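**Student:** task: produce atomic coordinates for the following.
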Amino acid sequence: MSSGSTIPYHLRQNKAVERILFEEKLKILDSWVAEKSDTPIERYRYVGFGGPFLEDFKSIHRNLNITDMVSIESDENTLRRQQFNKPISCIKLLPEAVTSSEFIASDQFEKKTILWLDYVNTEYVSQLDDVKNAIEKMSEFDVLKVTLNAHVANLKDKGRPETLQQDRLEFFEEKIPNEYLPSHLDSEDFTAKNFHKVLLKTIHNAFSAGTANKANVEAVILSSFVYQDGQRMLTATCILLSSENKNDFSETSKLKDWEFYYGKNQEIYDISLPSLSVRERVEIERLLPRGGLEDVKKYLGYKVARGSSENDLLLKNFIDYHARYPWFGKISL
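**Tutor:** You can find the predicted model right below:
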């Protein structure tokens, strides 16, 4: 398990947008959770993989006012960097490096918890075990978010282009335990276009395995996103609810009206965004909100991606998400 990424955090613009959506979702969820559990989101404990700069922690504290925060880190050197870079005092760094599996096994989850298991590599079996084991120990109204690497080219094949997708299918079926393995898979599922859908079914099975021994509690998926920052990544977030509260949630929670709510149509939203220069961004935003995709394409007169379909997707996403799109730039201190 690695909590870091080979891509510097400040270059992961799509992950930054996905984190903004995560915080947005928790803000919307807050009033309903506070009423039902008597615990507002700011009184939850947040647990996640901080990485060397603990950027997620700083943002979640700033935007959600959570002050009980625990960082899981498996690399000793990264832990030392965290100790040096720790941006706020309410982040708890563990005394020694531990894997997510070790943390889940030792922690009692006594307090309402938001847990983000943010994986980079493709060690799916241990990752799905983490999801299952965490769900088993978590309680109603706890929130679990998992990020998995959905880059299908990482699956092993036999180097034969004519059987590439079938080889990936066979490798996946051999690797994933039956309790997590989706049914009715075929080779067409193992393309760049479809593999993230397979992974979401696999995550859902891990959620179900974790609640199998919980009386009247299930994991309700709140959102699922796919994006690409170097490699394709999939995220899924769930909340644990009793059947009674699940029904009430679907009727009274403000989250049901959120445009990205998974329960509406069980859609995985692709939030991949284009890499734009400052001038490109400013000029496109001048056309919004009245201008649409065709207006932006006509104004630019060129593609921001290689293929026409990818170009349209990225530009459409920028139009839809530009308010959440981060600005990156150099500063002098």
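**Student:** helices along the chain, start to end?
**Tutor:** Assigned by DSSP state H, the helices in the chain fall at 13-37, 55-64, 76-85, 100-106, 124-137, 164-175, 195-211, 243-252, 262-265, 278-286, 293-300, 308-321.
**Student:** need the ones you listed in CSV (columns: mean neighbour count).
**Tutor:** All C-beta atoms are positioned from the backbone trio N, CA, C, and that covers glycine. Formatted as CSV, the helices of the chain follow (neighbours: other Cβ atoms under 10 Å):
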stretch, mean neighbour count
helix 13-37, 19
helix 55-64, 19
helix 76-85, 15
helix 100-106, 18
helix 124-137, 21
helix 164-175, 17
helix 195-211, 21
helix 243-252, 14
helix 262-265, 14
helix 278-286, 13
helix 293-300, 14
helix 308-321, 17
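**Student:** now tabulate the ones you listed in CSV and tack on distance to residue 70.
**Tutor:** Formatted as CSV, the entries for the helices of the chain read as follows, by distance: least, Cβ to Cβ, whole Å:
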stretch, distance to residue 70
helix 13-37, 17
helix 55-64, 9
helix 76-85, 12
helix 100-106, 8
helix 124-137, 13
helix 164-175, 30
helix 195-211, 20
helix 243-252, 26
helix 262-265, 27
helix 278-286, 36
helix 293-300, 43
helix 308-321, 30
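**Student:** closest to residue 148 out of those?
**Tutor:** Ranking the helices of the chain by proximity to residue 148 (Cβ to Cβ) places helix 195-211 first, at 5.5 Å.
**Student:** who's in contact with the closest one?
**Tutor:** Judged by Cβ atoms under 8 Å, 6 or more residues apart in numbering, the contacts made with helix 195-211 from elsewhere in the structure are 124, 128-129, 131-136, 138, 144, 146, 148, 150, 152, 155, 172, 176, 179-182, 185, 189-190, 217-219, 221, 224, 226, 232, 234, 236, 238, 240, 268.
**Student:** how far does it sit from its chain's centre?
**Tutor:** Offset of helix 195-211 from its chain centre (Cα atoms, centre = their mean, to the nearest Å): 14 Å.
**Student:** and that helix, C-alpha only, in PDB?
**Tutor:** Taking C-alpha atoms only, helix 195-211 is exported to PDB below (Å, rounded to 0.1, in the frame of the first residue of the first chain):
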ATOM      1  CA  PHE A 195     -12.900  -1.300 -16.900                       C
ATOM      2  CA  HIS A 196     -13.900   1.300 -14.300                       C
ATOM      3  CA  LYS A 197     -17.400   0.000 -14.400                       C
ATOM      4  CA  VAL A 198     -16.000  -3.500 -13.400                       C
ATOM      5  CA  LEU A 199     -14.100  -2.000 -10.600                       C
ATOM      6  CA  LEU A 200     -17.200  -0.200  -9.200                       C
ATOM      7  CA  LYS A 201     -19.100  -3.500  -9.100                       C
ATOM      8  CA  THR A 202     -16.100  -5.000  -7.300                       C
ATOM      9  CA  ILE A 203     -16.100  -2.200  -4.700                       C
ATOM     10  CA  HIS A 204     -19.800  -2.600  -4.300                       C
ATOM     11  CA  ASN A 205     -19.300  -6.400  -3.600                       C
ATOM     12  CA  ALA A 206     -16.700  -5.400  -1.000                       C
ATOM     13  CA  PHE A 207     -19.200  -3.000   0.600                       C
ATOM     14  CA  SER A 208     -21.800  -5.900   0.700                       C
ATOM     15  CA  ALA A 209     -19.200  -8.300   2.100                       C
ATOM     16  CA  GLY A 210     -18.500  -5.800   4.900                       C
ATOM     17  CA  THR A 211     -22.100  -5.400   5.900                       C
END
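**Student:** nice, that's everything, thank you.
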